[in-house]
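Peer 1: The sequence and its predicted three-dimensional model are supplied below.
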Amino acid sequence: MADVKEAFVVAVLPKDLPVFCPNPRMPLWSSHPRVFLDVAVTGEAMCPYCGTRYQLAGGPPKSGGH
């Protein structure tokens, strides 16, 4: 059975929005087409190309307030 590696997790702050992958800290050799990821709704998203997980620090915004 092949080993399954856990995907790399990148913590992002609200000031980092919008989130896109590959991010500027990734090496050039690992590039793939840029995709924008919506982390604001659930607090996290996964890149469909490389599997990198992006997590919004503090989780998704709390609803119900004005």
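Peer 2: Received the coordinates, thanks.
Peer 1: what's the next secondary structure element after the helix or strand bottoming out on mean pLDDT in the chain?
Peer 2: Using mean pLDDT, DSSP states H and E, the weakest-scoring helix or strand in the chain turns out to be strand 9-12, at a mean of 93. Later in the chain than strand 9-12, the nearest helix or strand by DSSP states H and E is strand 19-21.
Peer 1: Can you tell me which helices and strands whatever helix or strand comes next after that next one packs against?
Peer 2: With elements assigned by DSSP H and E, the helix or strand that comes after strand 19-21 is strand 35-37. Packing partners of strand 35-37 (3 or more Cβ pairs under 8 Å, 6 or more residues apart in numbering; DSSP states H and E): strand 19-21. All C-beta atoms are positioned from the backbone trio N, CA, C, and that covers glycine.
Peer 1: If we go by neighbour counts, what in the strand it packs on is buried?
Peer 2: Using 16 or more other Cβ atoms under 10 Å as the test for burial, strand 19-21 gives Val19, Cys21.
Peer 1: hmm, who's touching it?
Peer 2: 12, 32, 34-39, 45, 47, 49-50, 52, 54 (Cβ atoms under 8 Å, 6 or more residues apart in numbering).
Peer 1: now, which of those sits nearest Pro60?
Peer 2: Lowest distance from Pro60 to the contacts of strand 19-21 (Cβ to Cβ) belongs to Val39, with 7.9 Å.
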